[in-house]
Every structure is written in structure tokens, then in C-alpha cells.
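# can't give you the sequence, but here's the structure:
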């Protein structure tokens, strides 16, 4: 009887080891590994930007693009893309962006390290940046 359980356990361990060794890499992981430092991390469709979002675009390009990339596509080795399902409004509400800018944020979704606070931006400035990011997100199916 013990021999039977030993054989079943050995087969289960072998099956798990084979799965771990032979499984294909997830698409996002494979695409991520092909990037080199400084590359944009996502491809997006850019909508027309108007109103407060246009002001937000200018603020973003001056205060945020060095890490998050022009049009928030991320920069490999510097900062994550904000045009990503992780930052959809139901997961990262507008206030989470306000708090990240004001107080910084501990790294929790990506491996870029902690985000420091961004000096010199008001809540109004950040609101316009959020309008800009949400415009691009909506144009790319992130609601």
C-alpha cells in the first residue's frame, strides 16, 4: 500500500517539474524581456487631446515623462507605463495618482523601485495630468 502512494507521489512531482520546465513564457513576460533600457514599454493609439487634458499633457511631459515616458508609455529601466490595465480607474482611482505625486509610492506592481514625491505640482496640476492619462487610457480600451 505505501509503495502505491510513493509511486503516485513520484509521478505527481515529475508532472509538476515537467510543467514548470516546459511551459511557455507568458506573452507579457516574453515581450518585456525583449526590451532594452530606455525603450517604450507599450504601444498605444493617441487620441486628440483637448481642454484640461492638453494642459495635463504639457505638465506630464515636463514633470513625469522622464520616468513614465512620453504619452505615459513607460520607460524600460526607469518607470512603468500608465497606459496599462493596472492603472484603470477601478484599480487605481484618481486619488491614488494624487497621493503618489504628493507622497510618493512604494513599489508594488513593477520592479522599478519606489516612486519619490514630485515637487512643485498642485492638486489642480495633477487633476489635469489625470485627465490626460484617462483620455489616452479610454482611447486604448482601458476604462
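On my side now, so go ahead. The structure presented is a predicted model; accordingly, all values stated were derived computationally and were not measured.
# for the rest of this, base every contact and every neighbour count on C-alpha atoms.
OK.
# quick one: the helix or strand where residue 58 lies to chain centroid distance?
Here residue 58, judged by DSSP states H and E, is contained in helix 52-63. How far helix 52-63 lies from its chain's middle: 19 Å, per Cα atoms, centre = their mean, to the nearest Å.
# check which helices and strands that helix is in contact with.
helix 123-139 (3 or more Cα pairs under 8 Å, 6 or more residues apart in numbering; DSSP states H and E).
# so where is the protein shaky, pLDDT-wise?
1, 6-7, 9-35 (pLDDT under 70).
# what are the boundaries of the helices in it?
In the chain, helices defined by DSSP state H lie at 2-22, 27-33, 52-63, 65-68, 94-103, 123-139, listed in chain order.
# need phi/psi at residue 110.
When read as degrees, to the nearest 10, the backbone of residue 110 gives phi -130, psi 170.
# err, residue 108, not the other one
phi -140, psi -20.
# quick one: it from residue 118, how far?
Separation of residue 108 from residue 118 (Cα to Cα, to the nearest Å): 18 Å.
# ok, these two, which is more surrounded?
Set side by side, residue 108 and residue 118 show more neighbours around residue 118, with 14 against 9, by other Cα atoms under 10 Å.
# nearest residue to the more buried one other than its sequence neighbours?
residue 101 (5.1 Å; Cα to Cα, 6 or more residues apart in numbering).
# burial count for the one you found?
21.
# that one touches residue 114, doesn't it?
No: contact criterion Cα atoms under 8 Å: residue 101 and residue 114 do not qualify, at 11.9 Å.
# quick one, domains of this structure?
Domain assignment of the chain by automatic domain parsing yields the ranges 2-26, 52-139.
# and those domains, which is most packed in?
Among the domains of the chain, ranked by average contacts under mean count of other Cα atoms under 10 Å, first place goes to domain 52-139 (a mean of 17).
# can you give me the end-to-end span of that one?
From its first residue to its last, domain 52-139 covers 16 Å (Cα to Cα).
# touching, residue 143 and residue 137? I think so.
Yes: between residue 143 and residue 137 there is a contact at 6.7 Å, judged by Cα under 8 Å.
# overlap in contacts of these two?
residue 88 (Cα atoms under 8 Å, 6 or more residues apart in numbering).
# tell me the contacts of the residue nearest to residue 40 when sequence neighbours are not counted?
Sequence neighbours aside, residue 75 is the residue nearest to residue 40 in space, at 4.9 Å (criterion: Cα to Cα, 6+ apart). Applying Cα under 8 Å, 6+ apart to residue 75 gives the contacts 37-41, 66-69, 81.
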